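Chemist: structure of the sequence below:
(chains A and B)
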Amino acid sequence: MAFREKRRTDKKEATGVLRFFVTTLPKVVKHVIVYAWLLLWVGIALAPISWMVSAAFSDAPGIGYVPIIPTSFTLDNYRDILTYRSSTGQLFPDYVDSFLTTLLVATVTTVLVVILSALVGFAVTRFRFHAKKPALLLMMGLQMFPGFMGMIALFIIFRVFGWLNNPFYLSLIYVAGAIPFNTFIVRGFMRNVPKSLDEAAAIDGATNLQIMIKIIVPLAAPIMGFIAVTAFMGPWLDYILPSILMPNNETVAMWLFRMNVPTPQPYRPMWFMAGALFLAVPIMIVQIYMQKYVTYGLTAGAEKG
Amino acid sequence: MDENKEVKTEDVSWKTTLIAKAKKLGRCIFTRFTNFLAGIVRFFRSLATGVFCFFKNLYLAAKNHPRSFLKGLSSFFLMGLGQFRNRQWYKGAFFLGILLVFLLTEFLTGDYIYAPAELSRYPAENTLYFFRDYGGLFTRGIWGFFSLGALTVGDMYRGQLIVNEDFAYDWLQSDNSRTLMGEGVIVLVLVAILAAFWIFSIRDAYITDKKLRAGLEIERFKEWLRRIWDQFFAYIIIIPAVGLILFFILMPFLFSFLVGFTNYDASISLRSDLIEWHGFATFREVFGIDPAFRTFFLRVLGWTTFYAAMSSFTVYVLGFFQAVVIESRFVRYKKLWRLILILPWAVPGMISLIVFSNIFGADGLMNRLLADWGLTDAVRNILETTRLIGEGGSGTIEWFTRPANANLARFLVLTVNLWMGYPYFMLLITGVLSIIPQDLYEAADIDGGSTTQKFRFITLPWVVRATAPVIITTFTFNFNNFGAIYFLTGGGPRYLTDDIPRAIRDTPPGQTDILISWIYKIAFESGDHNAYNLAAVYSILVFILIAIVSLYYLSRLKTFWEED
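Modeler: Numbers count the residues shown, from 1 in each chain, chains lettered A, B, ... in the order given. Just a heads-up that it's a prediction; the model follows:
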């Protein structure tokens, strides 16, 4: 203990050349090391992204010839994906068509997820249930079953009812999949809305439905927004489910995947890069904007101890 | 001298506290686990008590209120009849209507009207599947569920040849066991819903009659509806959500669970073969009979566990490190650095995985760069001496394809996962760092703690404790991280062996395949020879493993068990 204090005082009292070697040099070295490390990681983090951007705007003959740093700029890839039709009779080009299909799926999913999550969250936090907790646990447990084993069953259900290739019914699956997790999020939020508000409204003669729509949901608006955004982003890059349930009605993820496998023509990795970049940029912006939610639940829990 | 002594005693006491802590942790985990098991036992016990009480109450009702019991009984025979006898016309009509909807569906989807005429033409001694030929949605579904079909292409049935597709006569079509099973599960769920209404109507008839006899006023239909709306409001508003979950999660789950108990393997081709209920035969096959099978399963399970553990660990450590570096006092423009370093996390996973599979493709970016810089041979030598690739290769480097390069492929899978995953933990741990109380550090400064000491005794314990739940979820997520393998390596180099069991000959796992991506291959990627029963059994195993870990974790979460 005493030794340590002594060394510190040494540092402070050092002057001249000694001072340079004892305090300034280590500091400079530390700075250099830290910044070199950070720059290295900036390179590692950015190289693949930069390569992707470069490929999207490149006219190189093959994907292997694309440089990491963009050197040329051409919109050829975008012109191609915005005009390519796999069969001539199509109204929209493949990419646009798949984009619109996915947009429809995402929109329906978002609307339903928000409504149903609000209903379930309200029910779970405001009422007593028989077997509430086992039911919640069961819901979470079922989700851990490898999803695509259920896809054989979903495929059969969809065929029996004639729902194959129908975006609306595909989105129902996303809704069903999103509810258990959202229930937990909404529950955590609505629980903190004081119940005295409900009671006051009930005394004034409001019905349950009115209490929910006019009081609880507006107060839970931030978390509902978060749910809406995540629900909207979900379907865009899901590949397996639509590839089985929408064989003749492509979604964007299916289009992206198709560009990378040689067997069904066309095999165009460059188009993939162009299409993927167009999709990735808005998603990245939303992700970065929402980064504060990553720590939201965790730090709240930690503060409570 | 004195100081040395002090340090020594400190050292020893530190060790003893560590041992004591470890012991305490062990005891803690043990008691938590036993509590968890006890919870499961309690659940089943309460279930059994519930069933017992049901029958006891039934008996008591019949004994003490025989007349009310009879009204309930009449609702048992015909939904709504008890309500009619209670002179509750609307309510009776409501229940009867539900029953009629089910009956009408059954009748309209069936061919009962043709049955008498046709049956009189066929001799009675021939085998006849009445519900198969004439049943509606429900009876046919239940028949199909239990028998899984009876006739295949080429069979003679009622004097006719069974064919693949017959648009005029349904009953001449061969049975598709898989469809029958799927429809059967749907029907069973629908029947369960009917049963719920049924029980409700029986109870209602009984209780109303009891009230009538006690001279209480009976509420009118409108009041009843209002009361139901108020009293069961919570249940009513979750009906859509529960319905969706029932239909799109529970039912597929049941179906694939059941497939594990059939003989639906690669040798079955639908319509010319029938699927049969098989009991635990597939489970026995996986674990017992064929040693090659077990070897493959254990290999894949071993790699899956290693992958899940390593990928979570590396991502955590790097994320931690980056967070600490950026938060350190040397670094300026913290926000800018953080923004750049989280970019890999913001790119959608599927896109970055496919980009990386392009980078490491046979004529991808990596090989071309190495060739341009003339480094191919040097890199090959380094990789060979580090045993990442096997010897004897030449030319460009096969990152994901050559069987002898399995270690390289696995290393790359972990590296790419690290690239994609560290920013998440960086963000998370930055958040945790900001909530560590500063007075702890101030106190440490006063006591003369060094930077390493402060890190080890303040930062590390705080961060680990706050992020422990996330580590567990990350592990389970990676255990099932299908895309990380499928989009990047597609399973990677194959195993070098001829000893592949028959059942998975078409779909052997690759060397980077984790269980989930192998299951996908078995179930979907072998053309017409999918060993669904095997895939289902593996799914059940994965499910059990993951569910135990996650439910244990969930059951420990304080926030989950808090009362609302």
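
Chemist: checking B:Gly149 next. Helix, strand or coil?
Modeler: coil (DSSP: H, G, I helix; E, B strand; the rest coil).

Chemist: tell me which residues touch it, please.
Modeler: Listed by Cβ atoms under 8 Å, 6 or more residues apart in numbering or on different chains, the contact set of B:Gly149 reads B:174-177, B:180, B:274-275. All C-beta spots, glycine's among them, are computed from the backbone N, C-alpha and C.

Chemist: repeat that for 6 Å
Modeler: B:175, B:177, B:180, B:274 (Cβ atoms under 6 Å, 6 or more residues apart in numbering or on different chains).

Chemist: ok, which of those also contact chain A?
Modeler: With Cβ under 6 Å from any Cβ of the partner chain as the criterion, the contacts of B:Gly149 include none near chain A.

Chemist: ok, those residues vs B:Phe30, which is closest?
Modeler: B:Ser177 (46.9 Å; Cβ to Cβ).

Chemist: now, the contacts of B:Gly149 that are in helices?
Modeler: Members of these lying in helices (criterion: DSSP state H): B:177, B:180.

Chemist: so which of the contacts of B:Gly149 comes closest to chain A?
Modeler: Checking these against chain A by Cβ to the nearest Cβ gives B:Leu180 as the nearest, at 9.6 Å.

Chemist: any idea how far the closest residue to the closest one other than its chain neighbours lies from B:Ala22?
Modeler: Nearest-residue entry for B:Leu180: B:Gly144, 3.2 Å, with adjacent residues in sequence omitted and distances by Cβ to Cβ, 6 or more residues apart in numbering or on different chains. Relative to B:Ala22, B:Gly144 is positioned 57 Å away (Cβ to Cβ, to the nearest Å).

Chemist: ok so, going back, can I assume the residue nearest to B:Leu180 sits in a strand?
Modeler: No. B:Gly144: not assigned to a strand; according to three-state DSSP it is helix.

Chemist: how many neighbours does it have?
Modeler: 25 (other Cβ atoms under 10 Å in any protein chain shown).

Chemist: go ahead and confirm it touches B:Val185.
Modeler: No. If you go by Cβ atoms under 6 Å, B:Gly144 and B:Val185 don't touch, sitting 10.1 Å apart.

Chemist: circling back to that earlier point, tell me which two in the contacts of B:Gly149 are the farthest apart.
Modeler: Among the contacts of B:Gly149, B:Leu180 and B:Leu274 lie farthest apart (Cβ to Cβ), at 9.4 Å.

Chemist: who has more neighbours out of these two?
Modeler: When B:Leu180 and B:Leu274 are compared for neighbours, B:Leu180 comes out ahead with 24 against 20, by other Cβ under 10 Å.

Chemist: so the more buried one touches B:Ile142, yeah?
Modeler: No. Between B:Leu180 and B:Ile142 no contact is recorded; they are 10.2 Å apart, counting by Cβ under 6 Å.

Chemist: can you give me the strands for the stretch 101-250 of chain B?
Modeler: Ranges of strands in the stretch 101-250 of chain B, per DSSP state E, counting those that start in this stretch, are B:156-157, B:160-161.

Chemist: partner strands of the last one, with direction?
Modeler: If I follow you right, that is strand B:160-161. Applying DSSP bridges to the sheet, strand B:160-161 is found paired with strand B:156-157 (antiparallel).

Chemist: how's chain B carved up into domains?
Modeler: Using automatic domain parsing, the domains assigned to chain B come out as B:83-259, B:287-362+B:398-558.

Chemist: in the host helix or strand of A:Ala106, what's buried?
Modeler: Assigned by DSSP states H and E, A:Ala106 belongs to helix A:94-126. In terms of neighbour count (16 or more other Cβ atoms under 10 Å in any protein chain shown), helix A:94-126 has its buried residues at A:94-99, A:101-106, A:108-110, A:112-114, A:116-126.

Chemist: just these that are near chain B?
Modeler: A:116, A:119-120, A:123, A:125.

Chemist: hmm, stretch B:128-141 in reach of chain A?
Modeler: No. Stretch B:128-141 lies apart from chain A when judged by Cβ under 6 Å from any Cβ; the minimum separation is 9.9 Å.

Chemist: what's the local residue count around B:Phe261?
Modeler: With other Cβ under 10 Å as criterion, B:Phe261 counts 18.

Chemist: just for chain B, where's the confidence low?
Modeler: Chain B contains residues with pLDDT under 70 at B:1-14, B:122-126, B:166-167, B:289, B:498-499, B:502-503, B:527-529, B:554-564.

Chemist: now what about the one helix or strand A:Phe155 maps to, what contacts it?
Modeler: Using DSSP H and E, A:Phe155 falls within helix A:149-160. The contact list for helix A:149-160 (Cβ under 6 Å, 6+ apart) reads A:164, A:244-245, B:179, B:182, B:252-253, B:255-256, B:539.

Chemist: contacts only, for the residue in the stretch 201-350 of chain B that chain A sits nearest to.
Modeler: Nearest residue of the stretch 201-350 of chain B to chain A, counting by Cβ to the nearest Cβ: B:Pro252, 2.8 Å away. Contact analysis of B:Pro252 by Cβ under 6 Å, 6+ apart lists A:150, A:153-154.

Chemist: how about it: what's its closest non-neighbour residue?
Modeler: Setting aside the residues directly before and after it, B:Pro252 is nearest to A:Gly150 in space (Cβ to Cβ, 6+ apart), at 2.8 Å.

Chemist: and for that neighbour, the neighbour number?
Modeler: That count, for A:Gly150 with other Cβ under 10 Å as the rule, works out to 25.

Chemist: who in the stretch 51-200 of chain A is up against chain B?
Modeler: So the stretch 51-200 of chain A meets chain B at A:52, A:63-64, A:116, A:119-120, A:123, A:125, A:127, A:141-142, A:144-146, A:149-150, A:153-154, A:156, A:173, A:175-176, A:179, A:191 (Cβ under 6 Å from any Cβ).

Chemist: where does the stretch 151-300 of chain B come near chain A, residue by residue?
Modeler: B:179, B:182, B:233-234, B:237-238, B:240-241, B:244-245, B:248-249, B:252-253, B:255-256.

Chemist: now the two most distant members of those.
Modeler: Longest span within those, Cβ to Cβ: B:Thr179 and B:Phe233, 39.0 Å.

Chemist: what does the stretch 351-500 of chain B have sitting close to chain A?
Modeler: Counting by Cβ under 6 Å from any Cβ, the stretch 351-500 of chain B comes close to chain A at B:351, B:354-355, B:358, B:363-364, B:368, B:427-428, B:431, B:435, B:448, B:466.
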